[in-house]
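Colleague: What follows is a protein structure lacking sequence information:
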């Protein structure tokens, strides 16, 4: 009862009606101002700013013409290996000599000119009809330019535009020392690549299994940027490695996708 009388008395008293009412302290106004400025800056950045994204994919350096595998046409014993792995061979060049149980000799020859990338046959080994003997990468000469073939998951390939910048970490040239190899997307395949198709193109069942392990990917062709370096190609460092790059060298690619506004990225 006493408190009510005091409250009524205070309301009826006109002494303090002209005093200003304090809605917030100065510290509160400072916090509010900062919050509003941050919200305005975030809104402007979401509308006008951009977000960059990269897509990582495995790949391999090749001369771009594909490979083929030579298989034994007969059963017998290998008596000679007539070409050295890594060397250029001409069309029709003898590669392996096989002696059959009947005493006849069969010479397996290169179907097309190229570089001998693998020799499975060894002298003295017994082979059956259809077994793999060697693999040859098709080339027109030792000066053929290298390209990179990436194997990108099918659901991600559609986002790759032609001309996108690509950085390649090459297995034979550590990036910590030599940097990354530069290139650009030249073409994106339309059909998914089966294990058998990858194996046929690269001339290696092992690589076909490796690149199709998580499903059937899309092949993406990358043209390498040329430069007056020891390798003949552009690197993120001034000179890159002091040696030439070999085909069938594996690499990991980071494809730089087109920049996107943050608000579009958040809504997509």
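Modeller: That came through fine. This one's a predicted model, so the numbers in the text were calculated from it and none came from an experiment.
Colleague: Please tell me how far residue 211 sits from residue 58.
Modeller: The gap separating residue 211 from residue 58 is 6 Å, by CB to CB, to the nearest Å. All C-beta atoms are positioned from the backbone trio N, CA, C, and that covers glycine.
Colleague: Spell out which residues are contacts of both of those two.
Modeller: Counting by CB atoms under 8 Å, 6 or more residues apart in numbering, the shared contacts of residue 211 and residue 58 are residue 151.
Colleague: Compare neighbour counts for the two and give me the winner.
Modeller: Between residue 211 and residue 58, residue 211 has the larger neighbour count (other CB atoms under 10 Å), namely 26 against 18.
Colleague: wait, what's in contact with the closest residue to the more buried one other than its chain neighbours?
Modeller: Nearest non-adjacent residue to residue 211, counting by CB to CB, 6 or more residues apart in numbering: residue 151, 4.3 Å away. Residue 151 makes contact with 57, 58, 59, 193, 198, 211, 212, 217, 218, 219, 220, according to CB under 8 Å, 6+ apart.
Colleague: tell me which element the second one falls in.
Modeller: By that I understand residue 58. strand 54-62 (DSSP states H and E).
Colleague: next one: the fifth one
Modeller: Secondary structure here is read from DSSP H and E; on that basis residue 198 sits in helix 195-202.
Colleague: by contact count, what packs against the following helix or strand past that helix?
Modeller: Once the chain leaves helix 195-202, the next helix or strand it forms, by DSSP H and E, is helix 205-211. Secondary-structure packing of helix 205-211 (3 or more CB pairs under 8 Å, 6 or more residues apart in numbering; DSSP states H and E): strand 54-62, helix 195-202.
Colleague: Pick the most buried one from the ones you listed.
Modeller: Of the helices and strands packed on helix 205-211, the one with the most neighbours on average (mean count of other CB atoms under 10 Å) is strand 54-62, at a mean of 20.
Colleague: strand partners of it, parallel vs antiparallel please.
Modeller: Next to strand 54-62 in the sheet, as set by DSSP bridges, lie strand 147-152 (antiparallel), strand 249-256 (antiparallel).
Colleague: Mind checking those for the one nearest to residue 206?
Modeller: Minimum separation from residue 206 across the strands paired with strand 54-62 (CB to CB) falls at strand 249-256, 11.3 Å.
Colleague: Could you pull out the strands in this structure for me?
Modeller: 54-62, 67-71, 76-81, 88-89, 94-99, 105-109, 114-119, 126-127, 132-138, 147-152, 165-170, 181-192, 218-224, 249-256 (DSSP state E).
Colleague: how about the ones you listed in a markdown table, adding mean pLDDT and distance to residue 206?
Modeller: Compiled in a markdown table, the strands of the chain are given as follows (pLDDT from 0 to 100; distance: least, CB to CB, whole Å):
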| stretch | mean pLDDT | distance to residue 206 |
| --- | --- | --- |
| strand 54-62 | 93 | 12 |
| strand 67-71 | 92 | 12 |
| strand 76-81 | 96 | 20 |
| strand 88-89 | 92 | 22 |
| strand 94-99 | 96 | 20 |
| strand 105-109 | 95 | 21 |
| strand 114-119 | 91 | 10 |
| strand 126-127 | 95 | 19 |
| strand 132-138 | 93 | 11 |
| strand 147-152 | 95 | 14 |
| strand 165-170 | 95 | 19 |
| strand 181-192 | 93 | 20 |
| strand 218-224 | 95 | 17 |
| strand 249-256 | 94 | 11 |
